[in-house]
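Novice: for reference, the sequence and a predicted model appear below.
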Amino acid sequence: MSEEILKVESLVKSYEKDQKVLHNISFSLQRGEVVVIVGPSGCGKSTFLRCLNLLEPIDSGNILFKGHPINIKDKNVHETRQQIGMVFQSYELFPNKTILGNLELAPLKVQKRGKQEVEEEALKLLERVNLTEKRDVYPRQLSGGQKQRVAIIRALIMHPEILLLDEITAALDPEMVREVLQVVLQLAKDGMTMVIVTHEMEFARAVADQVVFIDQGGIVEEAEPKDFFEKPKTERAKQFLDTFHYETV
Amino acid sequence: MQDSGIQVLFQGTNFLRLWEGLWVSLKIALISMLLSMILGIILGMIMTSKSKIIRFICRVYLEIVRILPQLVLLFIVYFGAAKHLGMNLSGEISAVMVFTFWGTAEMGDLVRSALISIPAHQYESGYGLGMTKLQIYRYIIIPQTIRRLLPSLINLLTRMIKTTSLIVLIGVVEVVKVGKQIIDASRYSNPTAALWVYGTIFVMYFLICYPFSKISSYLEKKIKD
């Protein structure tokens, strides 16, 4: 018995009049499920994630979180965001705080949890991503991959029910991609509910329970990863997947 | 060396009086600076507002302050308030008001440019963690802004200290006024007193402002790393 944790009903979003970025998107996410969103650049997949985290207002449609509609204009929008964590492409750690400070800020100030408990959890999480020795340094002394791992656990320490990952490896050097994706794979194994936007197709295939292909602001195809990557139903998806293969010269 | 005017500095408590006068200047500059910082941070946040009208009003305020000479502002407040509003403001209070009015505008503009130089993702990361706008400003944005601001802030402080030399004109007994009194008192016994007294004042201003400008350039270098 799975529980539907997030449901999107005919979401429409435009930045300027008559220029729809997303049209009529419906989407459902079960607890414990990992959905990977793929699609060409500019297709609206990042915007979609931002809408889910209530960072962008939507024009019409509904987003239901655990059965309740949520909206950017809600008074308790901050509480909703605590339960839907987000990690960005550019791993914006706070440069004025140490790694431990970055991790502890929101639990202490937003959730008002106890200092000792938060610190214990922060150290446990740091250990999990092999960064214990970096606890007291500032973000600028970390590599991109290390920063992104900190950004992930900074979201985790809030105990979100859903984690949204927005192209978290796109700004990283290739050899750092792996160390970050390893962390995400482990999360998936632990049963974290996630929506992931990525360009790493191999990773998508490994981690996804469901793949959603978005193009030109609409969902073109939804399938299990094996089906999607081996025998895509739509011509558009086929073309998209072909761009990742190189012919021998 | 009967004629050497340097003696004038050591007659009675003259030297001490000059320092006391400088302390008056410094006090006015520091109080104004403190007020300007607090109000300027608020103004800077307002200046990043999305509303065109609010931005326009702030712009007008800033331009007025930049166009009017500080001396005119001092006269308007000191004499204007007495004449038209019937308020008898002391010179010190008037000076603090004018310098705060000026400093807030300058500070606001500095804060504004520092704020917009902080990437939007910093705000979004905060929102993503469920923080409110106020919490984001308090724990993330303002600490970063202040780091970037420190050099120009100290620069503004030294400018303010130097500009306090104008307040002699609204009757505040600060270092220049004290100097003038000493010169006037020894006009006949020491005809060259002016050179020595003003020379001393020059050195005093230098002694006060130089460390500040050193700190400012040191911080500028440090923040770049």
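Specialist: Yep, that arrived.
Novice: so where's chain A uncertain?
Specialist: With pLDDT under 70 as the threshold, chain A has low-confidence stretches at A:1, A:247-249.
Novice: which bits of it sit near chain B?
Specialist: Among all residues of chain A, those adjacent to chain B (criterion: Cβ under 8 Å from any Cβ of the partner chain) are A:53, A:55, A:78-83, A:85-88, A:90, A:92-96, A:105-106, A:109-111, A:151, A:154-155, A:158. Placement of C-beta: from N, CA and C, glycine included.
Novice: which parts of chain B sit against chain A?
Specialist: On the criterion Cβ under 8 Å from any Cβ, chain A has as its neighbours in chain B the residues B:119, B:121-122, B:124-125, B:127-132, B:135, B:139-140, B:143-144, B:147.
Novice: can you rerun that using 10 Å?
Specialist: Counting by Cβ under 10 Å from any Cβ of the partner chain, the positions of chain B adjacent to chain A are B:118-133, B:135-136, B:138-147, B:225.
Novice: separate out the buried members of those residues.
Specialist: Burial by neighbour count, judged by 16 or more other Cβ atoms under 10 Å in any protein chain shown, picks out B:118, B:122-131, B:135-136, B:139-142, B:144-145 from the residues of chain B next to chain A.
Novice: give me the pLDDT for residue B:104.
Specialist: In this prediction, residue B:104 carries a pLDDT score of 94.
Novice: and for residue B:208, the neighbour number?
Specialist: Other residues lying near residue B:208 total 18 when counted by other Cβ atoms under 10 Å in any protein chain shown.
Novice: just to revisit the earlier point, out of the residues of chain B next to chain A, which are inside helices?
Specialist: Using DSSP state H, the members of those that fall within helices are B:120-128, B:133, B:135-136, B:142-147.
Novice: which parts of the chain are helices?
Specialist: All of this is about chain A. Counting by DSSP H, chain A has helices at residues A:45-52, A:77-83, A:99-109, A:115-128, A:144-156, A:174-189, A:201-207, A:225-230, A:235-242.
Novice: um, chain B though
Specialist: Listed in chain order, the helices of chain B (DSSP H) span residues B:14-47, B:52-67, B:70-75, B:81-84, B:91-116, B:120-128, B:133-136, B:142-163, B:175-185, B:193-224.
Novice: just the buried positions in the fourth one, please.
Specialist: I take that to be helix B:81-84. residue B:81.
Novice: which elements pack onto that helix?
Specialist: Taking 3 or more Cβ pairs under 10 Å, 6 or more residues apart in numbering or on different chains; DSSP states H and E as the contact definition, the neighbouring helices and strands of helix B:81-84 are helix B:91-116.
Novice: got the angle for the helix it packs on vs helix B:142-163?
Specialist: For helix B:91-116 against helix B:142-163, the angle by axes from the mean of the first three to the mean of the last three Cα atoms, to 10 degrees is 140 degrees.
Novice: list the buried residues for helix B:91-116?
Specialist: Of the residues in helix B:91-116, those with enough neighbours to count as buried (16+ other Cβ under 10 Å) are B:91-115.
Novice: residue of chain A nearest chain B, please.
Specialist: Nearest residue of chain A to chain B (Cβ to the nearest Cβ) works out as residue A:82 at 3.3 Å.
Novice: tell me who's in contact with that residue.
Specialist: Under the criterion of Cβ atoms under 10 Å, 6 or more residues apart in numbering or on different chains, the contact partners of residue A:82 comprise A:76, A:106-107, A:110-111, A:158-161, B:128-131.
Novice: 6 Å instead, please
Specialist: Contacts were defined as Cβ atoms under 6 Å, 6 or more residues apart in numbering or on different chains; by that measure residue A:82 touches A:158, B:130.
Novice: what does residue B:141 give?
Specialist: Each residue near residue B:141 by Cβ under 6 Å, 6+ apart is listed here: residue B:118.
Novice: at 7 Å instead, please
Specialist: Remark: with contacts taken as Cβ atoms under 7 Å, 6 or more residues apart in numbering or on different chains, residue B:141 is in contact with B:115, B:118, B:122.
Novice: quickly list what the closest residue to residue A:28 other than its chain neighbours is bridged to.
Specialist: In space, residue A:28 comes closest to residue A:7 once its chain neighbours are excluded; the distance is 5.1 Å by Cβ to Cβ, 6 or more residues apart in numbering or on different chains. Residues in a beta bridge with residue A:7, per DSSP bridges, are residue A:28, residue A:64.
Novice: any idea how far residue A:181 is from residue A:7?
Specialist: When distance is defined by Cβ to Cβ, to the nearest Å, residue A:7 is 28 Å away from residue A:181.
Novice: residue B:48 too?
Specialist: The spacing between residue B:48 and residue A:181, counted by Cβ to Cβ, is 37 Å.
Novice: who's more crowded, residue A:7 and residue A:181?
Specialist: The residue with more neighbours, out of residue A:7 and residue A:181, is residue A:181; 23 against 16, by other Cβ under 10 Å.
Novice: now the more buried one: closest residue in space that isn't a chain neighbour?
Specialist: Of all residues not flanking residue A:181 in the chain, residue A:203 sits nearest, at 5.0 Å (Cβ to Cβ, 6+ apart).
Novice: same check, this time on residue A:84
Specialist: Closest residue to residue A:84 apart from its sequence neighbours, by Cβ to Cβ, 6+ apart: residue A:162 at 4.9 Å.
Novice: list the contacts for that neighbour?
Specialist: Residue A:162 makes contact with A:5, A:6, A:84, A:193, A:195, according to Cβ under 7 Å, 6+ apart.
Novice: redo that, cut-off 8 Å
Specialist: Residue A:162 makes contact with A:5, A:6, A:29, A:52, A:83, A:84, A:85, A:193, A:194, A:195, according to Cβ atoms under 8 Å, 6 or more residues apart in numbering or on different chains.
Novice: report how many residues lie close to the fourth one.
Specialist: By the criterion of other Cβ under 10 Å, residue A:52 has 23 neighbours.
Novice: please verify my assumption that it contacts residue A:8.
Specialist: Yes - at 7.4 Å, residue A:52 and residue A:8 qualify as touching, with contact defined as Cβ atoms under 8 Å.
Novice: what's the overlap in contacts for these two?
Specialist: Shared between the contact lists of residue A:52 and residue A:8 (criterion: Cβ under 8 Å, 6+ apart) are residues residue A:63.
Novice: format the helices of chain A as CSV; extra columns: distance to residue B:67.
Specialist: As requested, these are exported to CSV (distance: least, Cβ to Cβ, whole Å):
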stretch, distance to residue B:67
helix A:45-52, 43
helix A:77-83, 43
helix A:99-109, 43
helix A:115-128, 51
helix A:144-156, 46
helix A:174-189, 53
helix A:201-207, 59
helix A:225-230, 65
helix A:235-242, 59
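Novice: phi and psi next, for the closest residue to chain A within chain B.
Specialist: Relative to chain A, the nearest point of chain B is residue B:130 (3.3 Å; Cβ to the nearest Cβ). In this entry, residue B:130 is assigned phi and psi values of phi 80, psi 20 (degrees, to the nearest 10).
Novice: brilliant, that's me finished.
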